[in-house]
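Q: take a look and give me a structure for this.
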Amino acid sequence: MAGHSQFKNIMHRKGAQDAKRSQMFSKLSREITVAAKMGGADVNTNARLRLAIRDARSQSMPKDNIERAIKKAEGGDSANYESVRYEGRGPGGASLIVEALTDNRNRTAGNVRSYFSKFGGSLAQDGAVTYMFDRLGEIQFPLSAGDADKVLEAALEAGADDVQTDEEGHWVLCGEKDLHEVARQMEAALGEAESAKLIWKPQTPHVMDDEDSARTLMKLLEILDDDEDVQTVTGNYEFPDEIAAKL
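A: Sure, this is the predicted structure:
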């Protein structure tokens, strides 16, 4: 297994914790509803719904909220959401991928464009940024799942590509199309994973060594995260320790 690597975004979230939690649950609920509406409410046959529910549970979303989101789809939720992706350059030259679920593409595109413009960035055409990222599956297990050797052995047996253990847990990377099968096999050996999702992993980090640009980038990330249509924001930025300590 070649090398150990892991990409984790650094996000500084401000404001009232209750409001942030409610906002997060709202976004998780939307993904569950859309997944159930598109592929049905059976998690055994709907991989997207299975991942959405797993993600919601990893964020401690109450069971009632999850069930309500599924029933909303079964009841014929009137909103027709679609998945859209935006690519752009942020302050300091960072490359960003913004994924959204929206019932009004024009509204969301206008909002995202204005955010980038406000903080010195700009949107780019499709493909201008994603080529610098790999689309991978990421599975996280708690440290209680076993020691590093046990997890590595399970990852190799399941066909994973990479694994890393740190103070937060075990992180396993695999091919995009292999996520469900690798997660299934590893859970059989290690118990339930804390999360299993698709990620964009930058091929080469973009080091943000200017404090002003780094602060402006964080403001852009924050306002994007606050938009109710935006589901995820991924970037190739990396902060040196001396810069990260000031953010």
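Q: C-alpha only now, for contacts and for neighbours.
A: Fine.
Q: do you know the pLDDT at the residue in the chain sticking out farthest from the centre?
A: Farthest-out residue of the chain from its mean C-alpha position, per Cα atoms, centre = their mean: G75, at 27.6 Å. pLDDT recorded at G75 is 76.
Q: measure it to A36 for me?
A: Distance of G75 to A36, computed by Cα to Cα, to the nearest Å: 11 Å.
Q: point out where this protein drops to low pLDDT.
A: 1-18, 76-79 (pLDDT under 70).
Q: what domains does the record give for it?
A: According to automatic domain parsing, the chain comprises the domains 17-74, 82-247.
Q: can I get these in TSV including mean neighbour count?
A: Listed next are the domains of the chain as TSV, based on neighbours: other Cα atoms under 10 Å:
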stretch	mean neighbour count
domain 17-74	18
domain 82-247	18
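Q: show me what whichever strand or helix holds E157 is packed against.
A: Taking DSSP states H and E as the definition, E157 sits inside helix 148-158. If contacts are counted by 3 or more Cα pairs under 8 Å, 6 or more residues apart in numbering; DSSP states H and E, helix 148-158 sits against strand 162-166, strand 169-175, helix 179-190.
Q: nearest to K20, of those?
A: K20 lies closest to strand 169-175 among these, at 24.2 Å (Cα to Cα).
Q: mind checking how far the closest one is from the chain centre?
A: Using Cα atoms, centre = their mean, to the nearest Å, the mean C-alpha position of strand 169-175 is found 14 Å from that of the whole chain.
Q: with stretch 20-36 instead?
A: 13 Å.
Q: show me which helix runs longest in the protein.
A: Counting by DSSP state H, the longest helix found in the chain is helix 17-39.
Q: quick check: what element follows that one along the chain?
A: Counting by DSSP H and E, what follows helix 17-39 is helix 47-58.
Q: quick one: the helix or strand following that following helix to helix 17-39, angle?
A: Proceeding N to C from helix 47-58, the next assigned helix or strand is helix 63-74, under DSSP H and E. Helix 63-74 runs at 40 degrees relative to helix 17-39, counting by axes from the mean of the first three to the mean of the last three Cα atoms, to 10 degrees.
Q: what's helix 63-74 in contact with?
A: Residues from elsewhere that reach helix 63-74, judged by Cα atoms under 8 Å, 6 or more residues apart in numbering: S29, R30, I32, T33, V34, A36, K37, A41, I53, A56, R57.
Q: what distance separates that helix from the centre of its chain?
A: Centroid separation between helix 63-74 and its chain, computed with Cα atoms, centre = their mean, is 21 Å.
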